[in-house]
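Student: Based on what follows, work out the 3D shape:
(3 chains)
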Amino acid sequence: MPELPEVETTRRALLATLQGRRILRLVVREPRLRQPIPARLSRQLAGTRIETLERRAKYLLLRTAAGSALIHLGMSGSLRTPAPASPPAPHDHYDLILDNGCCVRYRDPRRFGLLLWAGRHPERHPLLRSIGPEPFSDRFTGEYLHTISRTRSASVKSLLMNAHVVAGIGNIYANEALYRAAIHPHRPARRIGHARYTVLAAAVRAVLAEAIEAGGTTLRDFHFGAGNTGYFRIQLDVYDHAGDPCPRCKTPLRRLVIAQRASYFCPRCQH
DNA sequence: ACTGGCTCCTGAGGGC
DNA sequence: TGCCCTCAGGAGCCAG
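Tutor: Numbers count the residues shown, from 1 in each chain, chains lettered A, B, ... in the order given. I've put the predicted structure just below:
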């Protein structure tokens, strides 16, 4: 499941392939993603030059001279550069064909992803407009979390996973960051003080940075992965480890469902 | 203004 | 071995 580190790794892997190239055409085999791929998108992209590939939250922004396309990988999406002339596999929904013959191919079995046109000011697009600060930005601090949480009754884990509060933190890294910060996922957000939020903000950045770093080391597999999903994982301390001993204190880790999401934590370390 | 529940979809994995 | 059922998850949307 692509979280922010996987999206960032995809961006880095594809940047050199895409930057400065002209798009010959977009080939759509299956437009039915979470929203349909707009019929006019092929026309909007054809012939235009790619300026850069950026990331905002878990969205990729393909910036071209004509405007930006918005790409989301959903739950099971991946972008890869298949070997020349390799036929599309099942769930390969679209290809971006470049002027040097390169092809960037999107695969997404569950079709939760998106490919949309966002025009010349993608930051104003409804899907991007109200997203919170990036975890690596100066705005994302303990003070920010403390301030925004004063009036909220939701759990701290729900707060972390709320894209309007902070961009790009999914279930896996929310669990891992809370474990590192020794905060119980179910604790009401308003009942956490400034100092602990500072620890949490640092933990969020650390766990994401490590995962991006790990992604960098697996870039080759990620590009051309034959048969594998293309995703990677850092060593996760708690996620999907219910019953295993806590790495810190050996107490068996527990699983709890919070807001429909599996939550893993150490009942002794986290409070 | 928030919050939790629902929804899209398919593949993996457990149980029998 | 094989079938069936459940579950997983990103995030927009909706109702309360």
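
Student: and stretch A:6-24 with DNA strand C, contact?
Tutor: No. Judged by Cβ under 7 Å from any atom of the strand, stretch A:6-24 and DNA strand C are separated, with a smallest distance of 8.1 Å. The way it works is simple: take the backbone N, C-alpha and C, and place the C-beta from them, glycine included.

Student: buried ones in that stretch?
Tutor: A:6-14, A:17-18, A:21, A:23-24 (16 or more other Cβ atoms under 10 Å).

Student: Dihedrals phi and psi, the residue in the stretch 1-150 of chain A that DNA strand C sits nearest to?
Tutor: In the stretch 1-150 of chain A, the residue that lies nearest DNA strand C is residue A:58 (3.4 Å; Cβ to the nearest atom of the strand). With angles defined as degrees, to the nearest 10, residue A:58 sits at phi -100, psi 10.

Student: just checking, it touches residue A:71?
Tutor: No. Assessed by Cβ atoms under 8 Å, residue A:58 is found out of contact with residue A:71, at 9.8 Å.

Student: neighbour count winner among the two?
Tutor: residue A:71 (26 against 22; other Cβ atoms under 10 Å).

Student: Show the low-confidence segments of the stretch 1-150 of chain A, by residue range.
Tutor: Residues of the stretch 1-150 of chain A meeting the criterion pLDDT under 70: A:1.

Student: How are the helices of it distributed by residue range?
Tutor: For the stretch 1-150 of chain A, applying DSSP state H, counting those that start in this stretch gives helices covering A:4-18, A:41-45, A:126-129, A:142-149.

Student: tell me which residues in the shortest one are buried?
Tutor: If I follow you right, that is helix A:126-129. A:127, A:128.

Student: Please give the element, helix or strand, for the residue lying closest to residue A:259 once chain neighbours are set aside.
Tutor: Counting by Cβ to Cβ, 6 or more residues apart in numbering, residue A:259 lies nearest to residue A:158, which is 4.9 Å off, once chain neighbours are set aside. In this assignment (DSSP states H and E), residue A:158 forms part of helix A:156-161.

Student: go on, residue A:166?
Tutor: Applying DSSP H and E, one finds residue A:166 in no helix or strand.

Student: For burial, what's the neighbour tally of it?
Tutor: Around residue A:166 there are 25 other residues, counting by other Cβ under 10 Å.

Student: likewise residue A:34?
Tutor: Residue A:34: 15 surrounding residues under other Cβ under 10 Å.
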